[in-house]
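In: need a structure here:
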Amino acid sequence: MAQAKEGDTVKVHYTGKLEDGTVFDTSEERAPLEFTIGSGQIIQGFEKAVVGMEPGEAKTATIQPEEAYGPHREDMTLTVDREQFPEEIDPEPGQQLQVQQPDGRAAVVVVSDVSESTVTLDANHPLAGQPLTFEIRLVDIVGAAQEQATG
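Out: From the prediction side, this is the model:
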């Protein structure tokens with residue numbers, strides 16, 4: 001039976017959990033996730049976990065932050081004066097806000113702390129710095145990588 005390899009387009013079902021067992025994402029109630037291994041469409045550790053799997057095979061893989069969403073970076077947090085917030089926004093921890101970066105692009109940040117005078121914003125991915133455990137089931141290899149012809 002064929003094994004998934006770099007360049008293959010695959011379909012997988014997955015459930016992602018945090019260290020405490022909390023499910024943060026799953027494909028079980030929807031169509032399988034389809035991606036091409038090695039294309040960078042999904043986190044590196046997940047791609048690596050699928051390599052070598054056969055259709056119908058299931059496995060559990062724990063992916064460290066370096067191969068997931070990276071470490072939690074302090075340089076991606078910013079404390080601002082509460083006066084800088086528009087009056088209609090009453091910031092609360094956990095709230096997502098969209099801010100405009102100096103280059104004009106929009107970025108999503110999460111309010112991580114609020115005091116009487118300041119608000120701390122965090123631009124890290126919500127899963128940054130966390131090891132992630134995935135239960136993965138390879139549903140199908142829908143497009144195999146083309147083998148290079150040798151002359």
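In: What part of this structure, helix or strand, is modelled with the least confidence?
Out: strand 96-100 (a mean of 88; mean pLDDT, DSSP states H and E).
In: And the helices in the chain?
Out: Remark: helices assigned in the chain by DSSP state H are 44-50.
In: Which strand runs longest in it?
Out: Taking DSSP state E as the criterion, the chain has its longest strand at strand 132-143.
In: now it: mean pLDDT?
Out: Per-residue pLDDT over strand 132-143 has a mean of 96.
In: which helices and strands sit right next to it?
Out: The helices and strands touching strand 132-143, judged by 3 or more C-beta pairs under 8 Å, 6 or more residues apart in numbering; DSSP states H and E, are strand 9-17, helix 44-50, strand 58-63. Bear in mind the C-beta positions are built from the backbone N, C-alpha and C, glycine included.
In: still on that earlier bit, in its sheet, what does the least confident helix or strand of the chain sit against?
Out: strand 106-114 (antiparallel) (DSSP bridges).
In: Okay then, goodbye and thanks.
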